[in-house]
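Pasted the sequence and its predicted model underneath.
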Number of protein chains: 2
Amino acid sequence: MAKKVSLKDIAQKAGVSIASVSYVLTKGNNSGVGPELSEKIKKIASELNYRPNQIAKSLQSGKSYSIGLIVADISNPFFANIARIIEDQAKKYNYTVIFGSSDEMASKSSDLITFFVNRQVDGFIIAPAEDSLEQIKALQKQNIPFVLIDRYFPEIDTNYVATDNFMATFKATNKLIESGNSEIGLIAYNSELYHMQERINGYCKAIEEAGCSPKKSNIKKIDFSSLKEQINKKVDELVLSDNPVSAILFATNTLALYGLKRIDALKLKVPDDVSVIVFDAAEAFDFYYCPLTYIKQPLFEIGTNAVDILVDQIDKPNKKLSQVCIKSTLVENESSK
Amino acid sequence: MAKKVSLKDIAQKAGVSIASVSYVLTKGNNSGVGPELSEKIKKIASELNYRPNQIAKSLQSGKSYSIGLIVADISNPFFANIARIIEDQAKKYNYTVIFGSSDEMASKSSDLITFFVNRQVDGFIIAPAEDSLEQIKALQKQNIPFVLIDRYFPEIDTNYVATDNFMATFKATNKLIESGNSEIGLIAYNSELYHMQERINGYCKAIEEAGCSPKKSNIKKIDFSSLKEQINKKVDELVLSDNPVSAILFATNTLALYGLKRIDALKLKVPDDVSVIVFDAAEAFDFYYCPLTYIKQPLFEIGTNAVDILVDQIDKPNKKLSQVCIKSTLVENESSK
């Protein structure tokens, strides 16, 4: 890197004291230095491409004006879209966003948190990975401001912004029941995370309210890290068994992406052979031959709320926690008929 | 935020001097402090949750160990995927990545560069927006290390990692000619950016080599900011004219996404009514009824090379510039038959 331009360099060129330069550049029009000399100093600073040292400023204010964003995977469209919204909102408050992907692994998430804390981020926005409860508790203990998004831990009191997962799958399952499906499959992740549990619970509740009991064999759980290896078998078990399902609810868009590819490979037609509802949209579904019914998540509200809450918490550490649950919408199309 | 734990807090609890604490925590086993006392100090530091002040460290080293990444739009899958690769590679060097989206606007790009420079990033990875040449020249003048990706400016000497855009569309157009198409349309962005010009040039060259001259009416240019408003008309002009094209080459995946929707709405069949090749892949195409021929870009190589070159340049400011052009591959499927 080039040698940084110092106050001394400017002072020498302007033929004034370092103190005068410092006053002019830090205090603007209240510097006590005459307007003509002020202008001269500012002009020289600009010519020399002087940049105030933000790191030194940060050291004084104790703030870095940066937010650490930890998601499962920045290349997943759900998180890429939220990241974009968070970026735009953070910039309104003059904050930069540093991001990292946990791949749903607690160890990676822990590394990222330490890495970002050591870089003095002012706070975090986190879609917490499985088994990361202790890390989140540790953040709390250190009084580092954070907001959880997409998922949260009901057993601890934190800021969070999430979707009403239970109601979303409850309504979606009801829709499939109303369309005349008596055997409805659910493909979800094998995860203790609250949002996934709630999606499963919403499905079960709808089936119970219809006077049936949810069958274990109709609920298929897939390991996040082995999605591509496991999905075909689980789809086959649902649609090719002796008592096949006539509808499938996919608990995420990635599960649906691979599940629908399998349904297509089996030459089954949506919705004639199997009805489908997907949690979350994806560009990929735009070209699916049968327009899909999906649960539309409020990405914009999640992202902007998370930033607003975090920035407020950074400025007011003793502020009451904010717990925001935003409703999602069932967008009805051909696939759930 | 909680009050930060200082060296003084640790010294008081351990009953030693601040100097001893500083030696132990900064110099490890070479501190000159006895092993027993060293252990005691480290234990207390850990109990108190002491974190070395990275900002203060940065002030000493002059490095922030952060990279500014500026792309057109982080929510575009092409850039989201590259961001993920850059994140993983940067972490290997202990760097964090701060990102921003320029929306292909020079003014936004300029704001982001200033914003990140003031936050003392050590260098930049930039997919430069149109008309941002002067900003890039200004970075050069300030000796701030940077690497351009995806696009670059042939008139200035910079680090860059890009695809061989000319050869990519040259080969793709040749493929369409070989398949018997005599009228081939090109839908590109209305942009002076070098990568877009080269994509257009490659198309023209292939048509010239086939003994024809490229027709202006077959080359449709769309404004980045008005894609959705302009695409239908441009597709219509190509396929519904008196002398319609029998094939279309789309210069980006987003252009293809909306162009194919129009082709579908017109009830034209790919490839029977119109053959198609797309620059770049996208998950969205997985469900397109006709498997698409596309130009596969070397995302992994672009991302990892960019980080390697940047980190090297940060450490060795006088290093020779690296200009890397990576070949793309034409993946042949049904749509170009």
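Perfect, thanks for sending it. Numbers count the residues shown, from 1 in each chain, chains lettered A, B, ... in the order given.

Walk me through the domains of chain A.
When chain A is parsed with automatic domain parsing, its domains come out as A:7-52, A:60-162+A:299-326, A:165-297+A:331-336.

At which residues are the helices of the stretch 51-200 of chain A located?
For the stretch 51-200 of chain A, the helices defined by DSSP state H, counting those that start in this stretch cover A:54-61, A:77-92, A:106-118, A:133-141, A:165-178, A:194-209.

How about the stretch 201-337 of chain A?
Counting by DSSP H, counting those that start in this stretch, the helices of the stretch 201-337 of chain A are A:227-239, A:253-265, A:299-315.

any chance of the ones you listed in CSV, plus mean pLDDT, distance to A:Ile277 and mean neighbour count?
To be clear about C-beta, it is placed using only N, CA and C from the backbone, and glycine gets the same treatment. As requested, the helices of the stretch 201-337 of chain A are exported to CSV (pLDDT from 0 to 100; distance: least, CB to CB, whole Å; neighbours: other CB atoms under 10 Å in any protein chain shown):
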stretch, mean pLDDT, distance to A:Ile277, mean neighbour count
helix A:227-239, 97, 14, 17
helix A:253-265, 95, 9, 21
helix A:299-315, 96, 19, 21
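
Can you lay out the ones you listed as TSV showing distance to A:Ile177?
Formatted as TSV, the helices of the stretch 201-337 of chain A follow (distance: least, CB to CB, whole Å):
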stretch	distance to A:Ile177
helix A:227-239	16
helix A:253-265	19
helix A:299-315	28
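
re earlier: so for B:Leu69, which of the domains of chain A sits nearest?
Taking CB to CB, domain A:60-162+A:299-326 is the member of the domains of chain A nearest to B:Leu69, at 9.3 Å.

quick one: the closest one near chain B?
Yes. Legend: contact between domain A:60-162+A:299-326 and chain B by CB under 8 Å from any CB of the partner chain is shown at A:62, A:64-66, A:73-75, A:77, A:80-81, A:83-84, A:87-88, A:91, A:96-101, A:115-120, A:122, A:141-145, A:314, A:317.

For chain A, spot the helix or strand the model is least confident about on average.
helix A:54-61 (a mean of 56; mean pLDDT, DSSP states H and E).

before we move on, the earlier item: can you tell me which of the helices of the stretch 51-200 of chain A the model trusts least?
Out of the helices of the stretch 51-200 of chain A, helix A:54-61 stands lowest, with a mean of 56 (criterion: mean pLDDT).

For A:Asp286, which residues are in contact?
Counting by CB atoms under 8 Å, 6 or more residues apart in numbering or on different chains, A:Asp286 touches B:257, B:261, B:284, B:287.

Contacting chain A as well, which ones from those?
B:257, B:261, B:284, B:287.

Identify, from the residues you listed, the entry nearest to A:Leu330.
The closest of those, once distances to A:Leu330 are taken by CB to CB, is B:Phe287, at 21.1 Å.

which residues sit in contact with that closest one?
Contacts of B:Phe287 (CB under 8 Å, 6+ apart): A:260, A:284-289.

Burial check on A:Glu87, number of neighbours?
The tally of other residues near A:Glu87 (other CB atoms under 10 Å in any protein chain shown) stands at 25.

Do I have it right that it meets B:Ile74?
Yes. With contact defined as CB atoms under 8 Å, A:Glu87 and B:Ile74 form a contacting pair (6.4 Å).

Now do the shared contacts for these two.
What both A:Glu87 and B:Ile74 touch, as defined by CB under 8 Å, 6+ apart, is the set B:99-101.

Of these - the most surrounded one?
B:Phe99 (27 neighbours).

What sits closest to it if chain neighbours are left out?
Nearest residue to B:Phe99 in three dimensions, chain neighbours excluded: B:Leu69, at 4.5 Å (CB to CB, 6 or more residues apart in numbering or on different chains).

Next up, the contacts around that neighbour.
Counted by CB under 8 Å, 6+ apart, B:Leu69 has contacts B:83, B:86, B:97-100, B:124-126.

Kindly report the same for A:Phe79.
A:71-73, A:101, A:127.

just A:Glu183 next, same as before
A:215, A:218, A:243-247.

same thing but 6 Å
A:245-246 (CB atoms under 6 Å, 6 or more residues apart in numbering or on different chains).

ok, A:Leu266 - how many residues close by?
Around A:Leu266 there are 14 residues (other CB under 10 Å).

hang on, the earlier thing: present the shared contacts of A:Glu87 and B:Ile74 as CSV; the columns should include pLDDT.
What follows is the shared contacts of A:Glu87 and B:Ile74, written out as CSV (pLDDT from 0 to 100):
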residue, pLDDT
B:Phe99, 89
B:Gly100, 91
B:Ser101, 93
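
next one: phi and psi at the closest residue to A:Asn49 other than its chain neighbours?
Once flanking residues are discounted, A:Asn49 sits nearest to B:Gln142: 5.6 Å by CB to CB, 6+ apart. Main-chain torsions, B:Gln142, degrees, to the nearest 10: phi -90, psi 0.

Alpha carbons only: can I get stretch A:285-292 in CSV?
The C-alpha coordinates for stretch A:285-292 follow below in CSV (Å, rounded to 0.1, in the frame of the first residue of the first chain):
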residue,chain,number,x,y,z
PHE,A,285,-39.8,-22.8,-10.2
ASP,A,286,-40.7,-20.2,-12.8
PHE,A,287,-40.1,-22.8,-15.6
TYR,A,288,-41.8,-25.7,-13.8
TYR,A,289,-44.5,-27.0,-16.2
CYS,A,290,-47.1,-26.8,-13.5
PRO,A,291,-47.3,-23.4,-11.6
LEU,A,292,-46.5,-24.2,-8.0
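
near chain B, which residues of the stretch 201-337 of chain A show up?
Counting by CB under 6 Å from any CB of the partner chain, the residues of the stretch 201-337 of chain A close to chain B are A:283-284, A:286-288, A:317.

hmm, which two among the residues you listed are most spread apart?
Longest span within those, CB to CB: A:Phe287 and A:Pro317, 48.6 Å.

hang on, the earlier thing: need the contacts of B:Leu69 in TSV (columns: distance to B:Lys327).
Output for the contacts of B:Leu69, formatted as TSV (distance: CB to CB, whole Å):
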residue	distance to B:Lys327
B:Ala83	22
B:Ile86	20
B:Val97	26
B:Ile98	31
B:Phe99	27
B:Gly100	29
B:Phe124	25
B:Ile125	21
B:Ile126	22
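
Show me these that map onto strands.
Among the contacts of B:Leu69, the ones falling in strands (DSSP state E) are B:97-100, B:124-126.
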